[in-house]
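Visitor: Attaching a predicted model along with its sequence, questions to come.
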Amino acid sequence: MSHSPSATATGPEGWIGYRPELKVLDCTVRDGGLMNDHNFSLEFVQAVYAADVAAGVDYMEIGYKGAARMYDLQQFGPWKFCAEDDIRRVVGDKKGATKISVMADAERTDYHTDILPREKSVVDLYRVATYIHQIPAALEIVNDAAAKGYETTLNIMAVSTVPERELASALEVIVQSPVSTLYVVDSFGTLYSEQIRDLVRLFQKFATPAGKEVGIHTHNNLQLAFANTIEAIVLGANYVDASIGGLGRGAGNCPMELALSFLHNPKFQMRPILRALQHHVEPMREELRWGFAIPYLLTGYLNQHPKVAMKFMEGDDFRDIVKFYDQAVAED
């Protein structure tokens, strides 16, 4: 697919977004599952996977490896637990080129038993999500998954709340582990491009000498998910998260269709993503109510977790934005 008159077989010469080594990860099902307790149908997950394979997307994150003993099995769907048999129903007998990723939350994953040896699984990548105080527990999962043969990343959540000195100390320890990629995660969708720039450079300061990559995961509370993703890419972040239609927790993520349009890499095909958007993702918007909305803007503005806005958006008075503003400011 030719994205512009300057596109060639080797990519548009001089285009700042074109880097052959850059990888795109689709987090539609995993992050979007936070809006419906991971109760996506098998057909929906299969459709997203088929779109990613056809589009040339590098990774698809299919859900969480949650410890079953910690969650209500009647409330949460299969993509909260990502049993091997369920994943195989998605990828089929002939797995496509798109690699499969699963996220493991620090202190919420029975990794010793639930993460199988690599040769017994169709999963390729385990991404370990952690708050700053959980780093030791997160590194235990990283070490276990790497020893079993998986690619690994470490995603430091709510980085907007972490003092720089504390973050630097954590990064110094993390890069001594076998983890291959460190993610800057704007969990609350509160960061501006200048802050993204400073964080990516801080992560690179530790990651690059250790031979590790830096990734970016953004949320759209301030309508900056795409802009902040561009900022990270230009600075050299080689792992980029996006989701079809921006489907993700609260305000959602950087939309896949925007990310691919910026990258101008001829290996990516836009049409399969747009087809999945039209036929599978957009029909859910009215029910799930993800995407930019004033309550999500306000939690981003206040550097708050979006859970209070998510609860408000589920109510019948979700359009009463002044009411939510008064509530959010009172809790700040």
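Guide: All right, it came through fine. Residues are numbered from 1 along each chain as shown.
Visitor: Now the helix or strand where E287 lies: buried residues?
Guide: Element membership for E287, per DSSP states H and E: helix 285-288. Across helix 285-288, burial judged by 16 or more other C-beta atoms under 10 Å covers L288. For glycine as for every other residue, the C-beta is placed from the backbone atoms N, C-alpha and C.
Visitor: For that helix, name the packing helices and strands.
Guide: Under the contact definition 3 or more C-beta pairs under 8 Å, 6 or more residues apart in numbering; DSSP states H and E, helix 285-288 sits against no other helix or strand.
Visitor: Mean confidence (pLDDT) on it, please.
Guide: Helix 285-288 carries an average pLDDT of 93.
Visitor: Pull the distance from the helix or strand just after it to the chain's centre.
Guide: Using DSSP H and E, the helix or strand that follows helix 285-288 in sequence is helix 294-301. Its chain's C-alpha centre lies 20 Å from the corresponding centre of helix 294-301 when counted by C-alpha atoms, centre = their mean, to the nearest Å.
Visitor: which residues are contacting helix 294-301?
Guide: 188-190, 219-223, 250-251, 305-306, 308-309, 312-313, 318, 321, 324-325, 328 (C-beta atoms under 8 Å, 6 or more residues apart in numbering).
Visitor: ok, 6 Å please
Guide: 188-190, 221-222, 250-251, 306, 309, 312-313, 321, 324-325, 328 (C-beta atoms under 6 Å, 6 or more residues apart in numbering).
Visitor: And the lowest-mean-pLDDT helix or strand in the chain, what's buried?
Guide: Sorting the helices and strands of the chain by mean pLDDT, DSSP states H and E puts helix 321-331 at the bottom, at a mean of 85. Within helix 321-331, the residues scored as buried using 16+ other C-beta under 10 Å are 324-325, 327-328.
Visitor: For those, give me JSON lines that also has distance to D31.
Guide: Below are the buried residues of helix 321-331 laid out as JSON lines (distance: C-beta to C-beta, whole Å):
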{"residue": "F324", "distance to D31": "22"}
{"residue": "Y325", "distance to D31": "26"}
{"residue": "Q327", "distance to D31": "25"}
{"residue": "A328", "distance to D31": "22"}
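Visitor: Those residues: which two are farthest apart?
Guide: Y325 and Q327 (7.2 Å; C-beta to C-beta).
Visitor: helices or strands next to the least confident helix or strand of the chain in the packing?
Guide: helix 294-301 (3 or more C-beta pairs under 6 Å, 6 or more residues apart in numbering; DSSP states H and E).
Visitor: Kindly calculate the angle that the helix it packs on makes with helix 321-331.
Guide: 30 degrees (axes from the mean of the first three to the mean of the last three C-alpha atoms, to 10 degrees).
Visitor: Helix 294-301: which residues count as buried?
Guide: 294-301.
Visitor: Show me what the helix or strand that that helix is followed by is packed up against.
Guide: Note on helix 294-301: by DSSP H and E, the next helix or strand toward the C-terminus is helix 307-313. On a contact count with 3+ C-beta pairs under 6 Å, 6+ apart, helix 307-313 meets helix 294-301.
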